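Enquirer: model this:
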Amino acid sequence: MNDQTNNNDRIGTKHGVSRMQNWIIGGALMVLAVAVGVVLVWRGVVSFGNMGSADDPVVIEMKPENALRSDASDYYASLLSEYESGGYDITDPATLTEIKTETLTILAQRRIADLKIAEQKLDTLADADRLKAQQDAQAEFDGAVEMYAPFFQNEEGTLTEDELRAEVLKYFEEQQITLETVTQYYLSEIPTQRLLENIYKNITVTDEEVEAAFQLRVDEQKLLYENDINNYEVEREYYGTEMVYTPPGYRGVRHILLAPTGELQSRLDTLDSELYTLRGELIEIQQYTDSAPSTNSNTTHVDDVATPPPGYDQAALEAKSAEITAKTAELEEARKEILPSLEPVIKEIQEKLAAGETFASLIEEYGSDPGMTEEPARTEGYPVHAQSILYDDAFQQGAAALGKVGDVSEPILSSFGVHIIEYTSDIPEGAAEMTEALKETFRDEALIEKQNAAIDAQFDLWMKEYEVVLHPDRLE
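Expert: Now for the predicted structure:
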């Protein structure tokens, strides 16, 4: 995300979240949706300057003009919907007060921005500005069409690229999203961006500030994850959090993965598939049974006539469970054949290791795990901890059992095949290496944080200058 997006998002934000993203459609297409919403709500629907009435009171007092409840109602409704979809209880009085205050703060600050843009004569657009807006809008629009296209493919997968594009464009039209509205959004944001740049144009970040920000993040992550490997790995692997701290106890391990081949692999795949289907059928029976009315006698009474409760089928549950047990045993019996079937290859690998061939070269020759061909795993191995949640249990236990760097395991059978594991390195606890890329990441973050703070401070001053008074209690 570039600086422009981050700082435009800050206008009107006083409660911890960006509010330029209120009109997201289906979790995507932020700019396209904003192109419809922002221009309508912030560029004409809110008509400051009214005196108000008992039925439509003033909700924002400011010099030289006011805003009424009716001016803020659409935007208030959009924030209510956003909060509700985010899991907030919008019937809670405290939450409602926060949403109302946020609504009025954003609208007041947006209006102040428009007044300042006019005062500083920042709204004159040159041909180059219009061309850039058109180019950005076209790229955004085309990217959105490409992203949405797979969702409109039919079950047979026969729609052509042109047909899919036509379906997406039809959907966008229904949502009032057009290339013209996206272009208008980019054009409307040029004056705002100029205003923001005037606020933070002299802000810089020193190397000392970058180092301090980095060290603060290290300290935060150490506090969070030093004794919580579960959440550390969840954040790192599933949420993509940039980890700059490594907890103690990690080791790097590489492995040669040998997968079953031929008829045995085919049989294992079939058994796995059959077992998966049986478990799905069991869940369906359980759901049907669990939804049935429950009585002590397993019956219901209608007009004093005893009848079995609908959906109750203990016999079906027991029969399906028995099928699963039998299929699981069949699969386990088949898995017992994996090690013997790979014995010649295992012996060959062990002989080559004894003869001095490197583990890395044998991974390339025999290994079937593509992750072992990519850095840093190729050189450093996978980071494995005694409490890791990311790996097959047999693999993890085998890796943890190795005594010292350089040790190689005996063949270990897991759900993926047979592993021969090398204890590659000890991964030291502590801060990550401050690479140039990491330094630039923290420099960008620090710069955006300082810019946002400057914007907040400036808008606080402008709110006082325009003598803004909010009345969230008057919103409904």
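
Enquirer: show me the contacts for the spatially closest residue to Y382 that is not a sequence neighbour.
Expert: Among residues not flanking Y382 along the chain, V253 sits closest, at 5.7 Å (Cβ to Cβ, 6 or more residues apart in numbering). Yep, even glycine has a C-beta here, placed from its N, CA and C like the rest. By Cβ atoms under 8 Å, 6 or more residues apart in numbering, the residues touching V253 are G381, Y382, V384, A399, L402, I421, E422, Y423, T424.

Enquirer: farthest pair within those?
Expert: Spatially, the most separated pair among the contacts of V253 is Y382 and L402, at 13.1 Å (Cβ to Cβ).

Enquirer: so between these two, which is more surrounded?
Expert: Y382 (23 against 17; other Cβ atoms under 10 Å).

Enquirer: measure the more buried one to G252 for me?
Expert: Separation of Y382 from G252 (Cβ to Cβ, to the nearest Å) stands at 7 Å.

Enquirer: will you turn the contacts of V253 into a markdown table that also has secondary structure and distance to Q138?
Expert: As requested, the contacts of V253 are exported to a markdown table (DSSP: H, G, I helix; E, B strand; the rest coil; distance: Cβ to Cβ, whole Å):
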| residue | secondary structure | distance to Q138 |
| --- | --- | --- |
| G381 | coil | 46 |
| Y382 | strand | 43 |
| V384 | strand | 47 |
| A399 | helix | 51 |
| L402 | coil | 56 |
| I421 | strand | 52 |
| E422 | strand | 52 |
| Y423 | strand | 54 |
| T424 | strand | 49 |
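
Enquirer: surely A72 and I60 touch.
Expert: Yes - look at A72 against I60 with Cβ atoms under 8 Å: they come within range, at 7.3 Å.

Enquirer: mutual contacts of those two, please.
Expert: L104, L107.

Enquirer: which of the contacts of V253 lies closest to A355?
Expert: For those, the nearest to A355 is E422 (15.9 Å; Cβ to Cβ).

Enquirer: the closest one and R254 touch, don't they?
Expert: Yes - applying Cβ under 8 Å as the test, E422 and R254 come out as touching, 4.8 Å apart.

Enquirer: any shared contact partners between the two?
Expert: What both E422 and R254 touch, as defined by Cβ under 8 Å, 6+ apart, is the set F359, G381.

Enquirer: could you identify the helix or strand that succeeds the lowest-mean-pLDDT helix or strand in the chain?
Expert: Every helix and strand in the chain was compared by mean pLDDT, DSSP states H and E; the lowest is helix 30-40, with a mean of 38. Per DSSP states H and E, the first helix or strand lying C-terminal to helix 30-40 is strand 58-61.

Enquirer: which strands and helices sit next to that following strand?
Expert: When contacts are defined as 3 or more Cβ pairs under 8 Å, 6 or more residues apart in numbering; DSSP states H and E, strand 58-61 packs onto strand 67-68, helix 69-85, helix 93-119, strand 469-470.

Enquirer: quick one: buried residues of the second one?
Expert: This means helix 69-85. Buried residues in helix 69-85, defined by neighbour count with 16 or more other Cβ atoms under 10 Å: R69, S70, D71, A72, S73, Y75, Y76, S78, L79, L80, E82, Y83.

Enquirer: cool, and the third one?
Expert: Within helix 93-119, the residues that qualify as buried by neighbour count (16+ other Cβ under 10 Å) are 96, 98-117.

Enquirer: and the angle from that helix to helix 69-85?
Expert: Counting by axes from the mean of the first three to the mean of the last three Cα atoms, to 10 degrees, helix 93-119 points 120 degrees away from the direction of helix 69-85.

Enquirer: and helix 93-119, how far from the chain's centre?
Expert: 28 Å (Cα atoms, centre = their mean, to the nearest Å).

Enquirer: no more questions from me, cheers.
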